[in-house]
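S.K.: Quick check, what structure comes out for this input:
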Amino acid sequence: MPTRAVLDSSALVSAFITPRGPAGQLIRAAHRGAFQLCLSAEIIEETAGVLVRPKITDRYRRKPHAAQEFCSGLAAAALLVRDLPCLEAVPLDPKGDMIIATAVAARADHLVTGDRRHLLALGHYEGIRILRPRAFLEELGEAA
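M.R.: Sure, this is the predicted structure:
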């Protein structure tokens, strides 16, 4: 069984904005089967909400339909988990609890994030390693 990984909305937004960057490389690696991308509807909805903000669409010259296509592609490519457990794992960031809950429900090996303050600071949760996109790429042997 391939390694299972959850990419949080910060990593997914990064993949959308900078497709050639580490997070974008991870999306391509998932499509090639290098690992099983696991997401929840909640992560996809949060990502979609960020991608259509004027701050993103104006700054990066992206159209809202591009964000919809990106999120639809994520939903099609990922193992979507449901019935997220109710937990309090991320002090001071209740939104982070949903990300951790997705990783727990997916029985993920890794949680990939750019959130240094809350998620990366944890390091791990119930055997799930929490790391940055570049570190996960290196672990997969996909780093350029």
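S.K.: Go ahead and list the helix or strand containing the residue of the chain most remote from its centre.
M.R.: Distance from the C-alpha centroid of the chain peaks at residue 58, with 22.8 Å (CA atoms, centre = their mean). Residue 58 belongs to helix 54-59 when assigned by DSSP states H and E.
S.K.: Would you mark the buried spots in that helix?
M.R.: Residues residue 56 are the ones in helix 54-59 that count as buried (16 or more other CB atoms under 10 Å). The way it works is simple: take the backbone N, C-alpha and C, and place the C-beta from them, glycine included.
S.K.: cool, stretch 40-57 as well?
M.R.: 40, 42, 43, 44, 46, 47, 48, 50, 51, 52, 56.
S.K.: Repeat that for stretch 71-84.
M.R.: Buried residues in stretch 71-84 (16+ other CB under 10 Å): 71, 74, 78, 80, 81, 84.
S.K.: Can you give me the separation between the residue farthest from the centre of the chain and residue 46?
M.R.: To residue 46, residue 58 is 20 Å away according to CB to CB, to the nearest Å.
S.K.: Tell me where the model's unsure across this protein.
M.R.: 1, 143-144 (pLDDT under 70).
S.K.: those helices in it, which residues are they?
M.R.: Along the chain, counting by DSSP state H, helices occupy 9-17, 22-31, 41-51, 54-59, 64-77, 94-106, 133-140.
S.K.: Touching stretch 18-26 from outside, list them.
M.R.: Contact with stretch 18-26 is made by 5, 7, 11-12, 14-15, 27, 112, 114, 132-134, 136-137, 142, 144, as judged by CB atoms under 8 Å, 6 or more residues apart in numbering.
S.K.: farthest pair in those?
M.R.: Largest separation among the contacts of stretch 18-26 by CB to CB: 12 and 144, giving 19.7 Å.
S.K.: Who has more neighbours out of those two?
M.R.: Using other CB atoms under 10 Å as the criterion, residue 12 and residue 144 rank with residue 12 on top: 29 against 6.
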